[in-house]
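K.L.:
can't give you the sequence, but here's the structure:
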């Protein structure tokens, strides 16, 4: 059957292909996050997926430009095509024998070629045609200063330069009003879509059999799973504000109310204290955002509705995580997870290795009680002297032994059982060793106990200061806190759902990252943070 030309021209208006593209793009950001955290690190999978972030972002940016714009300056693009293809082939065949992972090298070459096109497009739009978005100069200047200092810091990291080019071009792209709407809702839809796919895989492949009763879902670590659920929760709560603002049908509202309850239930199952705190703060702020939309501020009613949805969802979610995987008897192991005490494909559905609801509540109660006891016990006391940490640091610097090999421990085994002492010691160590320009990863960390090496600061601000220096830490804090304050102001004055979504995506890595790992190249939380900053840096038409 031949489709008339007129029908083909009307197809983009009937099929929102850009929104579909954006949805798939943010789904792949979620997939990249999952694989970066779950790959073994021995076969190049982690590096390959990490660098695929550039390919996905390039697709999102290039979608803004029409074929007519490429034809108008065809010579520049033709020259780059020839240069990129020949140069990329030369680098690949010359370098594949000297790099550990040839597939990752190929992805890096594709990144470079694609962003070559994007840099040309951006230069023509901004410099030649003088057509670029209107900027909030204060935020833009702070962001540029932070990124440039990260590039020249003593940490020696390459990713700040890549993010500077990648997100710099993203901010300079003058998206239309419709593209902004498609990008925003595609972002939310892509994150929510990933939850259905990831959780569906968990129900088939990942039995709930963790010894500490913390649910890991489709991740190898319950904290990573907790952080992922928070990102999805942010998308669902934003959708709920949007459908309430647009006065959508009751079934659509019910769908998102129940969705919020489901995410809170799974978040509860991770037994993550940082996740619980972040989810609670998000729920309170969500009630405040909803109150802004309603003539009668029904905080109690909305809060009760959220609590009821959580109460209804928890037994369903727990039962699904506990009883669906045994029906399929397929077990997916991530690197380092195999253990005889874990469920295997031949274990029966009623095996004692599975976590039952009593075991879960016992573990949750123990974790809460122990945290409170540690806090009350140590609050009036002084944690271990930081000089002991300095001794451990000196031992690290004076040896040529591999970093992860055990050295003199700072805490005794008894002290290492106290969560308050552990965190306070980590924070004192990293704060004490902050430098003006940062330091390489190889020079960081210390042996906190005989069995545990601390490799990161467990605090996003301290980690940025450790990696890139004190000035970057201050600038990062200004951008993060200032971004949230700016979006709060935007919502109070304009009532835009854009402000709600971006507010949550800045808030999540900051609050969660006060106590746990919430950063890293390729991680969803940092990608969403940089995407959200666009609304602070660029004066969006819709906002």
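P.N.:
Everything's here; your move. Just so you know, these numbers come straight off a predicted model, no measurement behind them. Residues are numbered from 1 along each chain as shown.
K.L.:
May I have the secondary structure class of residue 218?
P.N.:
Using DSSP: H, G, I helix; E, B strand; the rest coil, the secondary structure recorded for residue 218 is coil.
K.L.:
Share the number of residues neighbouring it, please.
P.N.:
Per other CB atoms under 10 Å, the neighbour tally for residue 218 reads 23. C-beta: built from backbone N, CA, C; applies to glycine.
K.L.:
Spatially nearest residue to it (excluding sequence neighbours)?
P.N.:
The shortest distance from residue 218 to any residue other than its chain neighbours is 4.2 Å, reached at residue 198 (CB to CB, 6 or more residues apart in numbering).
K.L.:
Please list all residues in contact with that neighbour.
P.N.:
By CB atoms under 8 Å, 6 or more residues apart in numbering, residue 198 lies in contact with 30, 34, 217, 218, 228.
K.L.:
Could you point out the helix or strand that follows the helix or strand that contains the second one?
P.N.:
In other words, residue 34. Residue 34 is located in helix 17-38, with elements delineated by DSSP states H and E. Next along the chain after helix 17-38, taking DSSP H and E as the criterion, comes helix 45-62.
K.L.:
What residues sit buried inside that next one?
P.N.:
45-58, 60-62 (16 or more other CB atoms under 10 Å).
K.L.:
biggest separation within the contacts of residue 198, which pair?
P.N.:
The span of those, defined through CB to CB, is set by 30 and 217 at 12.6 Å.
K.L.:
Can you pull out the low-pLDDT segments for the stretch 1-150 of the chain?
P.N.:
1-15 (pLDDT under 70).
K.L.:
And the chain, by the same measure?
P.N.:
Residues of the chain that meet the cut-off, pLDDT under 70, sit at 1-15, 295-296, 374-375, 377-407, 540-543.
K.L.:
any idea how far residue 184 is from residue 177?
P.N.:
As judged by CB to CB, to the nearest Å, residue 177 and residue 184 stand 11 Å apart.
K.L.:
likewise residue 79?
P.N.:
The gap separating residue 79 from residue 184 is 35 Å, by CB to CB.
K.L.:
any common contacting residues for residue 30 and residue 217?
P.N.:
198, 228.
K.L.:
What is the neighbour count of residue 17?
P.N.:
By other CB under 10 Å, 12 other residues sit near residue 17.
K.L.:
I meant to write residue 502 there.
P.N.:
Residue 502 has 31 neighbouring residues, counting by other CB under 10 Å.
K.L.:
right, and the helix or strand after the helix or strand containing it?
P.N.:
Using DSSP H and E, residue 502 sits within helix 497-512. Sequence-wise, the next helix or strand downstream of helix 497-512 (DSSP H and E) is helix 524-532.
K.L.:
which residues sit against that next one?
P.N.:
Helix 524-532 is contacted by residues 29-30, 32-33, 53, 163, 167, 170, 187, 191, 227-228, 231, 480, 483, 501-503, 505-506, 508-509, 512-513, 518-520 when judged by CB under 8 Å, 6+ apart.
K.L.:
Check stretch 78-88 too.
P.N.:
Residues contacting stretch 78-88 (CB under 8 Å, 6+ apart): 109, 110, 112, 113, 116, 117, 120.
K.L.:
The same query, at a cut-off of 10 Å, please.
P.N.:
Stretch 78-88 has contacts (CB atoms under 10 Å, 6 or more residues apart in numbering) with 70, 74, 77, 105-106, 108-110, 112-114, 116-117, 119-120.
K.L.:
Pull out the buried residues from the contacts of residue 198.
P.N.:
For the contacts of residue 198, buried by 16+ other CB under 10 Å: 30, 34, 217, 218, 228.
K.L.:
Next, work out how far apart the first one and residue 529 are.
P.N.:
The spacing between residue 30 and residue 529, counted by CB to CB, is 14 Å.
K.L.:
How about the last one?
P.N.:
Residue 228 sits at a distance of 14 Å from residue 529 (criterion: CB to CB).
K.L.:
re earlier: which of the contacts of helix 524-532 count as buried?
P.N.:
Among the contacts of helix 524-532, those scoring as buried are 29-30, 32-33, 53, 163, 167, 170, 187, 191, 227-228, 231, 480, 483, 501-503, 505-506, 508-509, 512-513, 518-520 (criterion: 16+ other CB under 10 Å).
K.L.:
What ranges does the stretch 401-543 of the chain have for its helices?
P.N.:
Remark: helices assigned in the stretch 401-543 of the chain by DSSP state H, counting those that start in this stretch are 419-432, 460-468, 470-494, 497-512, 524-532, 534-537.
K.L.:
right, and these - which one's nearest residue 281?
P.N.:
Using CB to CB, the helices of the stretch 401-543 of the chain put helix 497-512 closest to residue 281, at 6.0 Å.
K.L.:
packing partners for the closest one?
P.N.:
For helix 497-512, the elements it packs on are helix 177-205, helix 222-245, helix 273-293, helix 460-468, helix 470-494, helix 524-532, helix 534-537, judged by 3 or more CB pairs under 10 Å, 6 or more residues apart in numbering; DSSP states H and E.
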